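Undergrad: take this sequence and fold it.
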Amino acid sequence: MSVPATPKRRENRLLNRLPQGEYKSLIRSAKTASLAQGEEVYRQDGPGSLPHVYFPTSGMISLTVLMEDGKEVEAATIGNEGMAGLPVALGLDSSPIRAVAPVSGEGLRIPTPAFLKAMKPDGTLDGLVRRYTAYSLRYAHQTVACNLLHSLEERMCRWLLMTHDRVEEAEFSMTHEYLAEMLGVRRQTVSVVAGALQTAGLLTYRRGVLRVLNRDGLEAACCECYGVGAAFYDRIMN
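TA: Numbers count the residues shown, from 1 in each chain. Below you'll find the model as predicted:
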């Protein structure tokens, strides 16, 4: 159920960069919306599947690719640093990939017509979205390189760090089955790696609930891709 959004300046890092006047104008058409774990935000290649854009304020959205045999793999994640529905700004009326919430959270949902109306050429929102598009392209390319060159343990640590950033809590719900699907590996393989991380004292995992115990340790066990992505976002968005 959606209710009118209460304007706040510190909810979404992308929206927070808008001048006060532009922010208030855009937020008038926004509604707060909660996403349950596993809830679909956009359907892949569905007609008219982009009725709104979504700016997360908590939780996380995964962008996934569905294959013909039904298999699904994660291509990117979105948190309060960005937005879901970027194809709208590129002139598309459907999503080329699926968007789903791997962990529950909230955000601001803005109707597509209102968002496009606010995207005035050379305006602040237009510039921010262009920069965020550039960041998203770099993120996608970095993910391809990461999947090809880095170990599953490094990739899993990267995923956990990004989730920890977005959830902003040490504990969150996550099954081995879902994590395996997002990483494109077998569940048993994820269980082995998660067990090694737990033995190392970096996390605990029990009954579908994962808790980060040692963030510094996760960062040390992670590949370079986590830091590269975070640094590029700060540089290009600032």
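Undergrad: avg pLDDT for stretch 27-38?
TA: On average, the pLDDT along stretch 27-38 is 93.
Undergrad: show me the shaky parts of the chain.
TA: The chain contains residues with pLDDT under 70 at 1-10.
Undergrad: what ranges do the strands span in it?
TA: 3-4, 31-35, 40-42, 52-56, 60-66, 72-78, 98-103, 105-111, 171-173, 203-206, 209-212 (DSSP state E).
Undergrad: for Val185, which of those is the nearest?
TA: Val185 lies closest, by C-beta to C-beta, to one member of those: strand 72-78, at 9.4 Å. Every residue, glycine included, has its C-beta placed from N, CA and C.
Undergrad: and that closest one, how far out from the chain's middle?
TA: 8 Å (C-alpha atoms, centre = their mean, to the nearest Å).
Undergrad: please list the residues outside that strand that contact it.
TA: 56, 60-67, 84, 97-99, 102, 136, 139-140, 143, 159, 162-163, 166, 181-184 (C-beta atoms under 8 Å, 6 or more residues apart in numbering).
Undergrad: before we move on, back to that, can you redo the strands of the chain as CSV with mean neighbour count and distance to Asp234?
TA: Below are the strands of the chain laid out as CSV (neighbours: other C-beta atoms under 10 Å; distance: least, C-beta to C-beta, whole Å):
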stretch, mean neighbour count, distance to Asp234
strand 3-4, 10, 32
strand 31-35, 19, 26
strand 40-42, 21, 26
strand 52-56, 24, 18
strand 60-66, 21, 19
strand 72-78, 20, 16
strand 98-103, 23, 23
strand 105-111, 22, 21
strand 171-173, 17, 24
strand 203-206, 16, 26
strand 209-212, 17, 22
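Undergrad: include distance to Gln188 when you put these into TSV, please.
TA: Formatted as TSV, these follow (distance: least, C-beta to C-beta, whole Å):
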stretch	distance to Gln188
strand 3-4	43
strand 31-35	29
strand 40-42	27
strand 52-56	31
strand 60-66	21
strand 72-78	17
strand 98-103	20
strand 105-111	29
strand 171-173	20
strand 203-206	14
strand 209-212	17
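Undergrad: quick one: contacts for the closest residue to Leu179 other than its chain neighbours?
TA: Of all residues not flanking Leu179 in the chain, Val190 sits nearest, at 5.3 Å (C-beta to C-beta, 6 or more residues apart in numbering). Taking C-beta under 8 Å, 6+ apart, we find Val190 in contact with 152, 156, 176, 179-180, 183.
Undergrad: do Ala200 as well
TA: Shown in contact with Ala200 (C-beta under 8 Å, 6+ apart): 217, 221.
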